[in-house]
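heads up, no residue letters with this:
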């Protein structure tokens, strides 16, 4: 399946890149400088993990990858906005993203912030425009919850509070506190991607989407997100900037709460294996249609993911 999943992901990524460019029709008429900044971040080379999850979840739900293409791209827009804002000096203060200067380094802070704002709102315009009303409403509700105060934004607040950039009670320096940060900051959008894949196929179904599928995707998404985050933490410890496309070894220098810092490298690797196994197990009742999702999470345990 390794070769098959690699080919499938490559084909799906081509669809994603084409659709992202197509969806920029919704910003026709905006200032040219703003469009340039939006395209710079949104179309930068990336894994497109969130659209891929949405597309594979759509296929596992009995639909086609194309059914969830716009939905997955909407999540990618939210992700793109979050990266622009995370890189700002007031937040994580990173000057490199995906192997290129961060948006604020390229365009200045003011335009970078506005490009992020535009990407966030564009995501919901896409959902409202590209899906029937009931499906669009369900997708928008799902994505707002994942991206907002109880999801990604809340996770970023906890993270910045730990770093001392926001005043308040810090999260506990243990596994519960660390998992809580990443469940919201990283995992929420992964889970939303899967849910949107399901909704894109079954959002108009009488009685709503299949509850068992939704539960399986939620469990898979939680474990997938943890495997992804621990692997990302390990990359910061062991990787190099050229391969990662961003600065490395910055977390330890900042005293940031990470899995390797809390558990050590070897135990962190064992945690990745455990999360991968749990994610795969969650999909087992879904059978062959979910095998590409299972194959994708198994790639998390490989150094060259």
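That came in fine, so what should we check first? Source: prediction; values computed, not measured.

When you work out contacts or count neighbours from here on, use the C-alpha atoms and nothing else.
Will do.

and the gap between residue 5 and residue 52?
11 Å (C-alpha to C-alpha, to the nearest Å).

out of the two, which sits in the busier spot?
Taking other C-alpha atoms under 10 Å, residue 5 and residue 52 do not tie; residue 52 has more neighbours (29 against 17).

Confirm that the more buried one sits in a strand.
No: counting by DSSP: H, G, I helix; E, B strand; the rest coil, residue 52 is not part of a strand but helix.

Contacts for stretch 276-291 next, please.
56-57, 59-62, 213, 216-217, 219-224, 227, 294, 297-298, 300-301 (C-alpha atoms under 8 Å, 6 or more residues apart in numbering).

Overlap in contacts, residue 5 and residue 52.
With C-alpha under 8 Å, 6+ apart, residue 5 and residue 52 have no common neighbours.

re earlier: just the buried ones from the contacts of stretch 276-291?
56-57, 59-61, 213, 216-217, 219-224, 227, 294, 297-298, 300-301 (16 or more other C-alpha atoms under 10 Å).

Next step: these restricted to helices.
56-57, 59-60, 213, 216-217, 219-224, 227, 294, 297-298 (DSSP state H).

what bits of the stretch 151-300 of the chain have low per-residue confidence?
Residues of the stretch 151-300 of the chain that meet the criterion pLDDT under 70 lie in 170-173, 239-255.

For it, which segments count as strands?
With DSSP state E, counting those that start in this stretch as the definition, the stretch 151-300 of the chain shows no strands.

As a check, name the ranges of all helices in it.
152-163, 175-182, 188-202, 211-238, 241-244, 250-253, 259-263, 265-283, 291-298 (DSSP state H, counting those that start in this stretch).

Excluding chain neighbours, what is closest to residue 57?
Using C-alpha to C-alpha, 6 or more residues apart in numbering and skipping residues adjacent in sequence, the residue nearest residue 57 is residue 197, 5.0 Å away.

likewise residue 92?
That would be residue 86: by C-alpha to C-alpha, 6+ apart, it lies 5.5 Å from residue 92.

what sits against the one you found?
Residue 86 neighbours (C-alpha under 8 Å, 6+ apart): 92-94.

who wins for most neighbours among those?
residue 94 (21 neighbours).

That residue is in contact with residue 83, isn't it?
No: assessed by C-alpha atoms under 8 Å, residue 94 is found out of contact with residue 83, at 9.8 Å.

Residue 258 and residue 267, how far apart?
Distance from residue 258 to residue 267, by C-alpha to C-alpha: 12 Å.

Between the two, tell me which one has more neighbours.
In this view residue 258 and residue 267 are compared by other C-alpha under 10 Å, and residue 258 has more residues nearby, 24 against 13.

For the more buried one, which non-adjacent residue is spatially closest?
Nearest to residue 258 is residue 233, by C-alpha to C-alpha, 6+ apart, at 6.4 Å.

Equivalent analysis for residue 142, please.
That would be residue 192: by C-alpha to C-alpha, 6+ apart, it lies 6.3 Å from residue 142.

Give me the number of neighbouring residues for that neighbour.
Quick note: residue 192 (other C-alpha under 10 Å) scores 28 neighbours.

tell me the contacts of it?
By C-alpha under 8 Å, 6+ apart, the neighbours of residue 192 are 75, 142-143, 146.
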